[in-house]
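# Next come a sequence and a model predicted from it.
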Amino acid sequence: MSKPAQSWPPVDTEPAVPHPDAPAPGSKLGVHYAHCFGCGDEVESGLHIQSTVAEGAVVTSQFTVLDEHQGAPGLAHGGLLACAFDEALGTAVGNLLRKPAVTGKLETDFRRPVPVGSVLHIVAKLDGVAGRKIYVSANGHLNAEDGPIAVQARALFVTVGVGHFTAHGDSDALQKFREARLRSGHQDWDINP
Ligand SMILES: CCCCCCCC/C=C\CCCCCCCC(=O)SCCNC(=O)CCNC(=O)[C@H](O)C(C)(C)COP(=O)(O)OP(=O)(O)OC[C@H]1O[C@@H](n2cnc3c(N)ncnc32)[C@H](O)[C@@H]1OP(=O)(O)O
């Protein structure tokens, strides 16, 4: 198995310290946006990823591979697995740092096939921060928290202002989303929808 060529993080970083108001270890993280393909409960064909905060700037996520996630017969599609990691990594960044951030770069290593019916246990860890750049990585274990690693990912997230979403996204949907979050007891954002 080849080793990644570049050291990680690729630049000098400060430790990524969770925000004082970040959910405590053990907290289950709900759906961040009902229409999110990664976690949303209103996206029938979505990934329905569920995440929990762990100790030490870590978030664990579970993704069950279903028939609709196939690439080859009986096996998960690689691009879809990359999507699962984007969600798991972004969830770690957004919830632990409570800063709006978007994926700048996402790199995946597919180490083993992931069959339909598998549960991928994704352990995502914040590795460091350099200005607006947040480095985060994850291992995906097959069928158990200590199962064999099937997929690894490393990503750069870049913090953005809320203006990123109002300028480029659907500002009406964004406003409704924000109001719904406030009604359900969340604090005002800092949020990556
Ligand atoms: C009350 C609330 C509490 C919190 C609760 C939270 C709840 C849960 C929260 C959240 C869960 C989220 C789960 C979702 C997960 C999925 C996330 C996605 O998929 S996001 C969609 C895909 N990504 C895009 O659409 C980005 C598109 N790209 C851009 O918009 C820009 O390129 C952007 C913002 C990334 C950077 O643009 P610039 O103009 O702002 O900044 P520049 O200067 O270009 O970059 C800043 C630094 O980053 C480096 N950089 C940027 N992109 C890079 C790249 N690809 N590779 C290497 N470096 C890069 C640059 O070299 C620069 O570095 P130097 O500061 O100069 O050192």
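Thanks, I have the structure now. Numbers count the residues shown, from 1 in each chain.

# what residue lies at the spatial centre of the protein?
Centroid-nearest residue in the chain: Ala88, 2.2 Å away (criterion: C-alpha atoms, centre = their mean).

# Can you tell me how far it is from the ligand?
The gap separating Ala88 from the ligand is 8 Å, by C-beta to the nearest ligand atom, to the nearest Å. Heads up, the C-betas are built off the backbone N, CA and C, glycines and all.

# C-alpha coordinates for whichever strand or helix holds that residue, PDB please?
Assigned by DSSP states H and E, Ala88 falls within helix 78-97. Extracted C-alpha coordinates of helix 78-97, given in PDB (Å, rounded to 0.1, in the frame of the first residue of the first chain):
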ATOM      1  CA  GLY A  78     -16.100   5.900  -4.800                       C
ATOM      2  CA  GLY A  79     -17.500   9.400  -5.400                       C
ATOM      3  CA  LEU A  80     -20.300   8.800  -3.100                       C
ATOM      4  CA  LEU A  81     -17.900   7.600  -0.400                       C
ATOM      5  CA  ALA A  82     -16.000  10.900  -1.000                       C
ATOM      6  CA  CYS A  83     -19.300  12.700  -0.400                       C
ATOM      7  CA  ALA A  84     -19.700  10.800   2.900                       C
ATOM      8  CA  PHE A  85     -16.300  11.900   4.000                       C
ATOM      9  CA  ASP A  86     -17.000  15.600   2.900                       C
ATOM     10  CA  GLU A  87     -20.000  15.500   5.200                       C
ATOM     11  CA  ALA A  88     -18.200  13.800   8.100                       C
ATOM     12  CA  LEU A  89     -15.200  16.200   7.900                       C
ATOM     13  CA  GLY A  90     -17.400  19.300   7.500                       C
ATOM     14  CA  THR A  91     -19.600  18.200  10.400                       C
ATOM     15  CA  ALA A  92     -16.500  18.000  12.600                       C
ATOM     16  CA  VAL A  93     -15.300  21.400  11.500                       C
ATOM     17  CA  GLY A  94     -18.700  23.100  11.800                       C
ATOM     18  CA  ASN A  95     -19.700  21.700  15.100                       C
ATOM     19  CA  LEU A  96     -16.300  21.800  16.900                       C
ATOM     20  CA  LEU A  97     -15.100  25.200  15.700                       C
END
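
# That one packs against which elements?
Judged by 3 or more C-beta pairs under 8 Å, 6 or more residues apart in numbering; DSSP states H and E, helix 78-97 is in contact with strand 50-54, strand 58-64, strand 101-110, strand 119-130, strand 133-142, strand 149-159.
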